[in-house]
Every structure is written in structure tokens, then in C-alpha cells.
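> Got a predicted model here, sequence first, then my questions.
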Amino acid sequence: MTIMHTIKILFATLSAVMFAGQAGAAAPLQHKSARLVCHDRTVVLEADCFPAMGRMLACSAQSLSFFSKSDGKKLNARVFTPNTANPAFDYPAVEEKFGNLMCVDTAAKQQFVVARMVNGGNCPSCEWFDVYTPDGALVGSNRNRKNVSKTVQSAVDATLDDKVERVVGEQTLEGFYFRSAKP
């Protein structure tokens, strides 16, 4: 065995030992949050996310909480459950992502919080709206295009009405699921 061969074996062994712990290490979670003030409510989106593809983040935990603006009391929350069946990521990932949060007043003078939801595309129903009361109760969704209630449709229509501005407040979440660029 030559000295050069011995050095190569030694280098390969040291490299394997040094990088063995890093190969299975999961990426650190990044806590994200955004808020929207609607009339006398504060709506807070919180998520713990990890790098998934390039700058894109996937989230292992995500919740939408509703608070009273006057006293800060938590009124309700929706917790989104991660899909444990996807082995492609370091952590189980939540399918749903928020595109926008909007406070709307319908033509019938009802108030709702409308969330434009997405799940990454390449599916029969990749974008939809979830509708909540100001206290955080889920009224319904138009994800399943069949059997959409009139209340849900009225709230969604209020977000899309170009003739009458009924969006009282809006939080665009385009950059929420991206890592910030390194300085």
C-alpha cells in the first residue's frame, strides 16, 4: 500500500465521519407570522416553516387565530394539520398555504374574513377561498366547487367585486412562504 493510497483512505474515512451527522440533519424551522386588523378583530397567521425547494418554504405547523382588538382575548383558532405521508421533506408539511387574508363587508352588510388559499398547483382544485366569521368560526369553503353555500359565495364575491369596493382590509402573503435572501 502506497502512502498516497493510505492518505486517500484516511481522507475518505475522516470525511465520512465528519459529514455523517449532517446528512440526516433536518433543516431548522423558521417562525413566520402575519397579522390583519379587521374592524374590532385582529387575525394572526403563524407558521413554523423549513426550506423545501430553493427559497420556497413548507410549513410543519400553521394556525390562523382570531383575537378581540380591544382586550387581546383569543376568540378562536384553526390549526392546520401536516401531511405525514410525504417523505420528500425533513418534516411533515401542511398542504394549505395562504395567498391573501381579507376583511370584507358583503352587499347584505355582513362581515367576514376571507382567506385565499393555494396548495402549490397541479391539482383539480389548487386555489380556493375559506370564509370565517369575525370571531373565527369557519363558515365554509369553495374548495369543492359543488354545493357552495350562498353565504360563502357572497363573501367571495365581495373580494372580487370591481364595481363596489367591499374589501375593508387586506394582507397579501406573497412572500410569506419564501426564505428571505441572505444579505
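Arrived safely, thanks for sending. Residues are numbered from 1 along each chain as shown.

> got the contact list for N119?
Applying Cβ atoms under 8 Å, 6 or more residues apart in numbering, we find N119 in contact with 95-97, 126. In short, each C-beta sits where N, CA and C put it, glycine included.

> The same query, at a cut-off of 10 Å, please.
By Cβ atoms under 10 Å, 6 or more residues apart in numbering, the contact set of N119 is 94-97, 125-128, 143.

> As CSV, those with distance to F176 would be great.
Shown next, in CSV, are the contacts of N119 (distance: Cβ to Cβ, whole Å):
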residue, distance to F176
V94, 12
E95, 15
E96, 12
K97, 8
S125, 21
C126, 17
E127, 16
W128, 17
R143, 20
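
> between the residues you listed, which is closest to V168?
Of all the contacts of N119, W128 has the smallest distance to V168: 21.2 Å, by Cβ to Cβ.

> The closest one and V156, how far apart?
Counting by Cβ to Cβ, to the nearest Å, the gap from W128 to V156 is 9 Å.

> Same check on N83?
For N83, the distance to V156 (Cβ to Cβ) stands at 26 Å.

> For the most centrally placed residue in the chain, give me phi and psi.
The centroid of the chain falls nearest to K97 when counting by Cα atoms, centre = their mean (3.5 Å). Phi and psi for K97, reported as degrees, to the nearest 10, are phi -130, psi 150.
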